[in-house]
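K.L.:
Predicted model, plus sequence, below.
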Amino acid sequence: MSFDVGLDYEVESEKNVVLITNELRNTKLSLHGPTYGDQSNFYRNDENMENSSEDGDMKRKGPDYKTLYAEDLLPKGSAELTTSFLVDVIDQLIEYIKQEYIHDSKILDFHQPQELREKMQLEIPDKPVSLEQLLVDCKETLKYCVKTAHPRFFNQLSSGLDTLSLAGEWLTAAVNTNIFTYEIAPVFTLMERITLKKMRDIIGFEDGDGIFAPGGAISNLYAVNAARHKLVPECKSKGMRAVPRLVMFASEHSHFSLRGAAATLGIGMDNVIAIQCDERGKMISADLERKIQQTKARGDTPFFVSATAGTTVLGAFDPLQSIADVCQKYNIWMHVDAAWGGGALLSKKHRTLLEGIERANSVTWNPHKLMGVHLQCSALLLREDGILESCNAMQAGYLFQQDKNYDVSYDTGDKAIQCGRHVDVFKLWLMWRGKGAVGLEKQINGVYDHAKYFYEKIKDREGFEMVLDEPEFTNVCFWYIPPSLRTMTDTREQMRRLHRIAPIIKARMMECGSTMIGYQPLGDKVNFFRLVISNPAVITSDLDFLISEIERLGEDL
């Protein structure tokens with residue numbers, strides 16, 4: 001497809017954002033009442049109304065929060081006061097959200113740790129503070145938070161703020177339940193079962209199992225543990241002394257959590273073998289097979305291969321079909337870490353990047369990244385049913401009684417390494433229903449289009465040099481070379497000085513609060529910038545701003 005992708009979409013998007021931004025600037029949004037500092041909302045009769053000295057509007061008198069404390073709220077205090085207090089908190093949150101979508105607003109108000117500590121009252125007192133102080137605390141906390149939903153925040157794989165998902169998280173927090181048994185989380189348990197099946201269907205698993213976990217690192221840990229249990233189930237009771245020396249394989253660009261899983265499970269980081277990648281960051285299948293053969297020749301037991309669908313830095317997708325061929329040949333568990341790239345499965349245009357994923361034994365998929373679900377939301381999906389429970393079940397008699405008055409297969413707690421488990425499914429379920437497959441596909445295609453736009457803007461621009469040409473994902477990696485370095489003939493000295501450029505520009509960005517973008521070295525490459533786009537609020541003018549801001553902040557270096 002020629003690069004005019006999304007032009008009609010872009011024009012419409014630009015118009016919508018301008019309209020929305022103007023509306024947000026001109027509107028004072030409130031839930032049933034004004035923001036904190038104005039009058040509260042639950043007094044209804046006229047004698048409790050007064051004129052505002054500023055605009056003549058009628059405003060309601062609120063409680064005197066200076067003399068009120070937590071004990072005055074529910075469960076033992078006033079329902080009306082509780083309503084007023086929560087509405088004032090929510091008004092602060094809505095104002096914060098509105099500010100995040102103003103494109104030329106600051107992303108952060110940066111201070112060094114000690115300075116920030118001095119600006120805020122962070123100590124925990126012996127005596128309770130008033131509700132007024134708690135509202136001030138909320139306001140101060142929001143003031144110094146990084147606006148990760150801001151359309152000029154490009155720092156992490158997860159960014160943006162989906163309204164439906166946020167509503168789901170608020171509801172989840174209000175219900176405040178655990179999801180280990182059906183008896184205390186009946187609706188969420190059913191939602192989790194249905195949503196995980198939907199995700200497995202999209203991957204191509206005909207049956208299987210799954211669980212939501214607190215982040216991709218823990219999902220990867222679940223996968224390694226399940227693979228080991230499948231091979232040597234006696235390890236669960238007898239420990240590592242009862243099993244041969246186990247060896248894992250992952251690409252040199254794989255996520256650090258795989259080494260962490262090996263350390264946590266007693267396999268050992270030295271038994272995680274790094275597989276070479278090609279110039280685009282993809283695992284080389286031939287090197288994988290060679291190192292499996294070497295492992296077997298030493299008498300060790302290869303048991304787990306982790307391929308990556310969307311590496312953290314370059315956004316590379318490993319060749320899943322050829323890796324699956326190797327795993328099948330040697331009867332090794334194949335895992336796909338699609339924490340970042342899993343959302344591409346929802347796009348007919350881009351899901352070919354994950355061709356072969358249906359052959360995996362397990363998949364990590366983080367909806368809180370490319371799909372834009374509220375943090376945190378990560379799932380481990382397995383092709384085979386029963387392994388999770390067999391691997392992790394402790395059969396606690398006080399939780400998982402077998403003589404309950406319902407089908408106890410709906411109790412999911414014995415699949416988890418945790419006991420308490422946060423409800424992560426509702427925000428995903430609500431957002432998915434609200435947008436549908438069509439809406440999510442459009443959203444994901446849109447962030448791809450913006451990454452392509454950014455690449456086309458800088459690939460031939462003076463002062464910019466690509467780390468990787470024609471990126472296949474929304475990661476765009478590049479160097480900015482200031483004028484003082486462009487004519488240097490001493491390559492070694494040029495690289496030494498270039499290594500310092502990205503950190504300095506990033507620090508200046510944070511000091512002025514204008515934008516944020518990540519940087520890192522990789523292998524023998526000196527520090528370079530990594531743009532990642534997952535926020536559907538981004539428009540082309542934000543990307544244009546980032547380019548000009550890098551130039552402005554770095555031209556004197």
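P.N.:
Okay, I see it. Model, not experiment: these values are computed from the prediction.
K.L.:
who touches Ile218 in this structure?
P.N.:
Contacts of Ile218 were listed using CB atoms under 8 Å, 6 or more residues apart in numbering, and they are 378, 417. For every residue, glycine as well, the C-beta is placed using N, CA and C.
K.L.:
Now name the helix or strand holding it.
P.N.:
For Ile218, the element it lies in under DSSP states H and E is helix 216-231.
K.L.:
Do me a favour and get the end-to-end distance for stretch 341-361?
P.N.:
In stretch 341-361, first residue to last residue: 17 Å (CA to CA, to the nearest Å).
K.L.:
And that stretch, what's buried?
P.N.:
341-347, 350-351, 353-354, 356-361 (16 or more other CB atoms under 10 Å).
K.L.:
burial of the residue lying closest to Ser362 once chain neighbours are set aside, as a residue count?
P.N.:
Spatially, and ignoring its direct neighbours in sequence, Ser362 is nearest to Ala223 (4.3 Å; CB to CB, 6 or more residues apart in numbering). Ala223 has 28 neighbours, counted by other CB atoms under 10 Å.
K.L.:
any idea how far Ala223 lies from Asp126?
P.N.:
Plainly put, Ala223 is 46 Å away from Asp126 if you go by CB to CB, to the nearest Å.
K.L.:
Could you do Ala309 as well?
P.N.:
Taken as CB to CB, the span from Ala309 to Asp126 is 51 Å.
K.L.:
The residue nearest to Ser362 contacts Leu380, doesn't it?
P.N.:
Yes - applying CB atoms under 8 Å as the test, Ala223 and Leu380 come out as touching, 5.9 Å apart.
K.L.:
tell me, what's touching those two both at once?
P.N.:
Taking CB under 8 Å, 6+ apart as the criterion, Ala223 and Leu380 both touch 362, 364.
K.L.:
tell me which element Glu132 is part of?
P.N.:
Here Glu132 is assigned to helix 131-143, by DSSP H and E.
K.L.:
give me the element the closest residue to Ser105 other than its chain neighbours is part of.
P.N.:
Leaving aside its chain neighbours, Ser105 sits nearest to Gln99 (5.6 Å; criterion: CB to CB, 6+ apart). Using DSSP H and E, Gln99 falls within helix 79-100.
K.L.:
from the middle of its chain, how far away would that helix be?
P.N.:
Its chain's C-alpha centre and that of helix 79-100 lie 25 Å apart, by CA atoms, centre = their mean, to the nearest Å.
K.L.:
quick one on the thing from earlier: just the mean pLDDT for the helix holding Ile218, thanks.
P.N.:
Taken as a whole, helix 216-231 carries a mean pLDDT of 97.
K.L.:
residues near the residue nearest to Ser105, how many?
P.N.:
Residues near Gln99, counting by other CB under 10 Å, number 16.
K.L.:
show me where the protein has strands.
P.N.:
Applying DSSP state E to the chain gives strands spanning 49-51, 58-60, 153-154, 209-213, 246-251, 272-275, 301-308, 333-338, 362-365, 378-382, 464-466, 475-480, 516-522, 525-532.
K.L.:
which neighbours does the fifth one have in its sheet, and in what orientation?
P.N.:
Sheet pairing for strand 246-251, assigned by DSSP bridges, gives strand 272-275 (parallel), strand 301-308 (parallel).
K.L.:
among these, which is the most enclosed?
P.N.:
Mean neighbour count, computed with mean count of other CB atoms under 10 Å, is highest for strand 301-308 among those, reaching a mean of 27.
K.L.:
Identify the residues contacting Gln402.
P.N.:
Here Gln402 is in contact with Val408 (criterion: CB under 8 Å, 6+ apart).
K.L.:
for the stretch 351-500 of the chain, which spans come out with low pLDDT?
P.N.:
The model of the stretch 351-500 of the chain has no residue with pLDDT under 70.
K.L.:
Find the residue closest to Pro233 in space, skipping its chain neighbours.
P.N.:
Excluding its sequence neighbours, the residue lying closest to Pro233 (CB to CB, 6+ apart) is Ser390, at 7.1 Å.
K.L.:
tally of neighbours for the one you found?
P.N.:
Other residues within reach of Ser390, judged by other CB under 10 Å, total 14.
K.L.:
Quick check: it vs Leu108, distance?
P.N.:
Taking CB to CB, one finds Ser390 at 46 Å from Leu108.
K.L.:
Give me the buried positions along stretch 265-278.
P.N.:
Applying a neighbour-count criterion of 16+ other CB under 10 Å, the buried positions in stretch 265-278 are 265, 267, 271-273, 275, 277.
K.L.:
quick one: pLDDT of the residue nearest to Ser105?
P.N.:
94.
K.L.:
before we move on, what about the one 10 residues further on?
P.N.:
Confidence per residue is given as pLDDT, and for Asp109 that number is 96.
K.L.:
Burial check on it, number of neighbours?
P.N.:
By other CB under 10 Å, 14 other residues sit near Asp109.
K.L.:
Could you report the distance from it to Met510?
P.N.:
Note on Asp109: its distance to Met510, by CB to CB, is 10 Å.
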